[in-house]
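Trainee: structure for this input, please:
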Amino acid sequence: MHGWRRQHPSGEANRREGPKIKKELKDVAEVAEDVTNSKPLEYAARAGFAVSGILHFLIGLVAIRLAMGGQGQADVSGAVEELAKQPAGPALLWSAFAACVALALWQTSDAIFDFSHLPTKKKVGKKLKAALQAVVYAGFGLTIASVALGAHADHRRSTSDLTVNLMKAPGGVLLLLVIGAAIAVTGVVYAIRGFRKSFLKYLRLPGNPHARTAVTTAGVVGYAAKGIALLLTGLLIVIATMKANPAESTGLDGGLKALREQPMGVYMLAAVGAGLICYGIFLAVRARLARM
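Mentor: Numbering: from 1, shown residues only. Reported below is the predicted structural model:
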């Protein structure tokens, strides 16, 4: 037995190394949590809400312009292009990029470290929501960076191309139907959240009753408009997939332009545009009032 042990000295070493490695990983995780919960990152993450608000505000303006017979791309890439045209455009874009990255990191931290005190079902739901929001804001950041670097992002074409590629892939049609349905359902959830005013629990509302009413109204209208926009986007994906016509899957811009072609569509598009402007204002206010 003693000879066998002398031939396998690594077994005892591995047993000693195991707890040490676990402790080091725990220390790294604690450092990462401290960094992602730091005040500087919180301020930068709050700026990310403001950037998202500016983008939605610009999308709303483009939607109204389209309703009045003008031109434009009513989606994130179109909003970023509008932002790039402003004085000090490059500085604005890179500042917006940094803010979106910070908010994506903050949401990632929430997905990894937070909500452990909640029941399992709620904890999973909260973590999944934070993870999805991290992906959204990371996507905003990538779009902003691509425009800042001189690339012109056309989300209508890229969405159509993605639909074409997925339709050709095994199980791609089913996946597209699921994605479209998920986006449409998300739109319904946004609208319900707006009408129920459930977004208020994430804010530290001002004491002034007039300011409180203004924030609540902007939130209700904004969430409803955002919900309609997402519902249209999801339905377009589902319809394009069922008709095997990926050219009709054109993202948010395509959804809003399709709305314009409906009876009374010009007025409905203008209303959605105004609602998205309200949502942008709400997000800008959320940058100051959000419970982080």
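Trainee: so for the helix or strand harbouring residue 111, what gets flagged as buried?
Mentor: If you go by DSSP states H and E, residue 111 is part of helix 89-113. By neighbour count with 16 or more other C-beta atoms under 10 Å, helix 89-113 contains the buried residues 89, 92-93, 96-113. (Glycine included, C-beta is placed from N, CA and C.)
Trainee: other SSEs contacting it?
Mentor: helix 9-36, helix 39-67, helix 76-84, helix 120-148 (3 or more C-beta pairs under 8 Å, 6 or more residues apart in numbering; DSSP states H and E).
Trainee: could you export those helices as a markdown table, including mean pLDDT?
Mentor: Converted to a markdown table, the helices and strands packed on helix 89-113 look like this (pLDDT from 0 to 100):
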| stretch | mean pLDDT |
| --- | --- |
| helix 9-36 | 55 |
| helix 39-67 | 92 |
| helix 76-84 | 87 |
| helix 120-148 | 88 |
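Trainee: got the ones you listed as a markdown table, with mean neighbour count columns?
Mentor: Supplementary listing: these in a markdown table, determined by neighbours: other C-beta atoms under 10 Å:
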| stretch | mean neighbour count |
| --- | --- |
| helix 9-36 | 11 |
| helix 39-67 | 21 |
| helix 76-84 | 22 |
| helix 120-148 | 17 |
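Trainee: turn the ones you listed into a markdown table, including distance to residue 194.
Mentor: As requested, these are exported to a markdown table (distance: least, C-beta to C-beta, whole Å):
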| stretch | distance to residue 194 |
| --- | --- |
| helix 9-36 | 29 |
| helix 39-67 | 14 |
| helix 76-84 | 20 |
| helix 120-148 | 16 |
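Trainee: of these, which is nearest residue 175?
Mentor: helix 120-148 (16.5 Å; C-beta to C-beta).
Trainee: and the angle for the closest one with helix 76-84?
Mentor: Counting by axes from the mean of the first three to the mean of the last three C-alpha atoms, to 10 degrees, helix 120-148 points 50 degrees away from the direction of helix 76-84.
Trainee: assumed residue 213 was part of a strand.
Mentor: No. Counting by DSSP: H, G, I helix; E, B strand; the rest coil, residue 213 falls outside a strand, being helix.
Trainee: got the contact list for the spatially closest residue to residue 107 that is not a sequence neighbour?
Mentor: Leaving aside its chain neighbours, residue 107 sits nearest to residue 134 (3.8 Å; criterion: C-beta to C-beta, 6 or more residues apart in numbering). Each residue near residue 134 by C-beta atoms under 8 Å, 6 or more residues apart in numbering is listed here: 104, 105, 107, 108, 111.
Trainee: now do residue 107 against residue 101, distance only.
Mentor: 11 Å (C-beta to C-beta, to the nearest Å).
Trainee: scratch that, residue 196
Mentor: Per C-beta to C-beta, residue 196 is found 32 Å from residue 101.
Trainee: output stretch 44-59 as CSV, nothing but the C-alphas.
Mentor: The C-alpha trace of stretch 44-59 is given here as CSV (Å, rounded to 0.1, in the frame of the first residue of the first chain):
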residue,chain,number,x,y,z
ALA,A,44,-22.0,55.0,-17.2
ALA,A,45,-24.8,52.4,-17.3
ARG,A,46,-27.3,55.1,-16.5
ALA,A,47,-25.9,57.0,-19.5
GLY,A,48,-26.7,53.9,-21.5
PHE,A,49,-30.4,54.3,-20.7
ALA,A,50,-30.1,57.9,-22.0
VAL,A,51,-28.5,56.7,-25.2
SER,A,52,-31.3,54.2,-25.7
GLY,A,53,-33.8,57.0,-25.1
ILE,A,54,-32.1,59.2,-27.7
LEU,A,55,-32.2,56.4,-30.3
HIS,A,56,-35.9,55.7,-29.7
PHE,A,57,-36.6,59.5,-29.9
LEU,A,58,-34.8,59.6,-33.3
ILE,A,59,-36.7,56.5,-34.5
